[in-house]
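Q: A structural model of the following input is requested.
(chains A and B)
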2 protein chains.
Amino acid sequence: MDHDIMPTIIQKTRDRQALSASEIRQLVDGVVSGAWPDYQLSAWLMAAYCRGLTDTETFELTGAMADSVGPPQEPLGLVDKHSTGGVGDKTTLVLAPLVASLGLPIAKMSGRGLGHTGGTLDKLESIPGFTVDLSPEAIRAQVRDIGIAVVAQSSTLAPADKRLYALRDVTATVDSIPLIASSIMSKKLASGTRHMVLDVKVGNGAFMTTLERARELAQLMVKIGEFHQRHVTALLTTMNEPLGWAIGNAVEVNEAVACLKGGGPEDLRTLVLALAAALEQSVHGTDPDTAYGAARDALTSGKAWDVFVRWIAAQGGQPASVEHDLPLAPIAREVHADRQGWVAAIQTQSLGEVALELGAGRHELGDRVDFGVGLQCFAKIGRHFDQGETVAIIYARSEGSAEEAAQGVRAAISWSPQSVAVPPLVLDRIAGA
Amino acid sequence: MDHDIMPTIIQKTRDRQALSASEIRQLVDGVVSGAWPDYQLSAWLMAAYCRGLTDTETFELTGAMADSVGPPQEPLGLVDKHSTGGVGDKTTLVLAPLVASLGLPIAKMSGRGLGHTGGTLDKLESIPGFTVDLSPEAIRAQVRDIGIAVVAQSSTLAPADKRLYALRDVTATVDSIPLIASSIMSKKLASGTRHMVLDVKVGNGAFMTTLERARELAQLMVKIGEFHQRHVTALLTTMNEPLGWAIGNAVEVNEAVACLKGGGPEDLRTLVLALAAALEQSVHGTDPDTAYGAARDALTSGKAWDVFVRWIAAQGGQPASVEHDLPLAPIAREVHADRQGWVAAIQTQSLGEVALELGAGRHELGDRVDFGVGLQCFAKIGRHFDQGETVAIIYARSEGSAEEAAQGVRAAISWSPQSVAVPPLVLDRIAGA
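A: Numbers count the residues shown, from 1 in each chain, chains lettered A, B, ... in the order given. Below you'll find the model as predicted:
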């Protein structure tokens, strides 16, 4: 590559002149080959942050990052789902076996938890024996046999994204919609999956705190998908309270199991059905009501549960371990309402941090996770509690950490003496052509 | 220093939140110590480029960069001058002995040429024996004895500026007014000089091509000076044509000598007198007319010339070499007007590039300069030429390069069949309190 092109590329982005497809390919090639030094990349990232990128530039950037993986492979699955991350988000644990039971094969690459958000891999690893490291051949075979695999993301899946993300993390350039959208979608494009649903979280426990920015991100990702001939549906869903009750690892698996058996919190079931229906609709072109009905039937009939059991066994999980609840930390500390009233607001991120401090998450990459700790928070905006009713149960290893967590939970919940409306879960739906 | 502060500093500048004086000190400390990696610095530079810095931030940044040199020293000179660079700018060669002859000691740090702009050090080194490398003690003694020294900038004078400039050069962040102003003024503050005049060039041969941006830069530098208790006067002067006739090294020394002897091109003499008067006025508080009269008398009486001769000898230059013109390259090729008419416009940068291609300048740092090559261009906007009159003389080493230069000179000059007004040399004057 021509080294003189780097300052020119930086300058064009800085001056809001759109880069050509060829310039973007050279940029990404230089990211992967190492020809672009970090200091020029970070200047370009900040220019892109400050000046933005056009939709066409973002489409090309996403495509070039996806192509940096190597020649396209036969896709491992037919459908995929991505969440932008939140608190108590155990959706994949229910959704993946549900869509597989609908005849939609899914091979999902997941991540680990960091900070106040948990990670699907950690939750799955709280099942004794479960492994998330499968070879591509093993993934392919498992998806062919039972329609489902959930594994750790391969480090070679997105080399350009990996380097760019590491730089963005230390140069205050994470929070840019074109850069976020291209990062997420490049990995999805690279996997080759034709149908995907995006769960874009919005609220005080999510990366996107306003509906406006969440919608902007969702629209851009849907457009990227259209440009690259993928069927993408995005749901904007609230993260102004945790999803479901459970926050932690084993405690979230238990809640997912309850959901697959027809119980569990209503918001989790509603979200899973909405996401599954979106994929069913995308693949089969059925109308929304039929798609939703099919998803609901698969969940209530036990078909999804059957797939879940086979899936856990296929990835080494002890079958007995999901027959009963996974064991939790020994100290179960209840938090009671100190007055009657309605839940008015929840500091969602704070609840994620309570779980983190109990040991359920990671302050830094490499920290060890304690699968058994966590909490169940039954407070939901608009729900009424009598004085003394149980608002939350904390699962802790020590009285001290339980007390600290109880204080954290109390501080995170705001009460109203008047009734409060229950807010909607799904705020918007954006579908590509 | 606290490493977590770096992303915070980048983020604040990115979000147009002003940094505190303490944050700016930590930034500059990290630049000098190396604690800030290049990739974070370049992200910060691009954020500053895109979002700007407040005047107060720029004042603090300049002060912190100046202080990074070490504890303040007794200033070497009383007055100083800085030019933002142009084509044919031999001002220092005349101005420095002129102000010294007015009793205003000057110890000037100069630079070398790069690209289409020449450098004072290269011009001085075309005088046989002249050295630009003096110890601080030798500079101090020479300024005490004869009131003048012009030397190479010490590499330790501005360590923060040096690192930042090297990064700006490769990350498309050079062209930022607060970054330019703080870079220039930090070196001036570090020298301790109390009175300075800034020659801010504007036009098609200058870094600032519009009067608006040049004025913005000049105003900011004057304000930085005020904040740091320096007397700063800025003149905005045209660079829509070269200064004087000569472009090169020895050929420019010859023109400076002519000026010191009372001859040479009018624009050079006008500019030198305006700059000297500004310094005289700044130091002695005299009214503009008296200051200008004193400068003119020192130039026409030969006082400035006497100082020049002593100065060249003090820095090792052979006295005989300035008694007569310095020798030029053997091929003197005249360019004649191919029609009668008035000069309408000059592509100034192109003329600088003609001299560069003849060998008078450097494509890259480290290139060798040929002192004898260059040109005299007598074309000035508004001047009338008869057909066949000499427009320029090229001094070259080969017929081929002379022919190429002649074509370059012809292409750089636009003619008008109607008379054209002579544009003003000094476009504006901005003085601090």
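Q: Only alpha carbons, please: show the longest helix that chain A contains as PDB.
A: In chain A, with assignment by DSSP state H, the single longest helix is helix A:266-284. Written as PDB, here are the backbone C-alpha positions of helix A:266-284 (Å, rounded to 0.1, in the frame of the first residue of the first chain):
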ATOM      1  CA  GLU A 266     -43.200 -11.900  31.800                       C
ATOM      2  CA  ASP A 267     -40.900  -9.300  30.200                       C
ATOM      3  CA  LEU A 268     -38.300 -12.000  29.400                       C
ATOM      4  CA  ARG A 269     -41.000 -14.200  27.700                       C
ATOM      5  CA  THR A 270     -42.400 -11.200  25.800                       C
ATOM      6  CA  LEU A 271     -38.900 -10.200  24.500                       C
ATOM      7  CA  VAL A 272     -37.900 -13.700  23.500                       C
ATOM      8  CA  LEU A 273     -41.200 -14.300  21.600                       C
ATOM      9  CA  ALA A 274     -40.800 -10.900  19.800                       C
ATOM     10  CA  LEU A 275     -37.300 -11.700  18.700                       C
ATOM     11  CA  ALA A 276     -38.100 -15.300  17.700                       C
ATOM     12  CA  ALA A 277     -41.200 -14.100  15.700                       C
ATOM     13  CA  ALA A 278     -39.000 -11.500  13.900                       C
ATOM     14  CA  LEU A 279     -36.700 -14.300  12.700                       C
ATOM     15  CA  GLU A 280     -39.500 -16.600  11.800                       C
ATOM     16  CA  GLN A 281     -41.100 -13.800   9.800                       C
ATOM     17  CA  SER A 282     -37.800 -12.900   8.200                       C
ATOM     18  CA  VAL A 283     -37.100 -16.400   7.000                       C
ATOM     19  CA  HIS A 284     -40.500 -17.600   6.100                       C
END
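Q: got the buried residues for the helix or strand following that helix?
A: Per DSSP states H and E, helix A:266-284 leads on to helix A:288-300 as the next helix or strand towards the C-terminus. By neighbour count with 16 or more other CB atoms under 10 Å in any protein chain shown, helix A:288-300 contains the buried residues A:291-292, A:294-295, A:298-299. Any C-beta I mention is one placed from the backbone N, CA and C, and that applies to glycine too.
Q: Generate CSV for those residues, with pLDDT as supplementary columns.
A: Output for the buried residues of helix A:288-300, formatted as CSV (pLDDT from 0 to 100):
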residue, pLDDT
A:291, 97
A:292, 97
A:294, 97
A:295, 97
A:298, 97
A:299, 97
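Q: Show the overlap between these and what lies near chain B.
A: Applying CB under 8 Å from any CB of the partner chain to these, one finds that nothing falls near chain B.
Q: Counting neighbours, what do you get for whatever residue of the stretch 251-400 of chain A ends up closest to chain B?
A: The stretch 251-400 of chain A approaches chain B most closely through residue A:364 (12.6 Å), counting by CB to the nearest CB. A count of neighbours around residue A:364, defined by other CB atoms under 10 Å in any protein chain shown, yields 7.
Q: Surely it is within a strand?
A: No. Applying DSSP: H, G, I helix; E, B strand; the rest coil, one finds residue A:364 to be coil, outside a strand.
Q: Residue A:134 - nearest residue in space that isn't next to it in sequence?
A: Leaving aside its sequence neighbours, residue A:134 sits nearest to residue A:151 (CB to CB, 6 or more residues apart in numbering or on different chains; 4.9 Å).
Q: Does that neighbour touch residue A:111 like I think?
A: No. Using CB atoms under 8 Å, residue A:151 is not in contact with residue A:111; the gap is 10.9 Å.
Q: So between those two, which is more surrounded?
A: For residue A:151 versus residue A:111, the count of surrounding residues by other CB under 10 Å is larger for residue A:151: 22 against 14.
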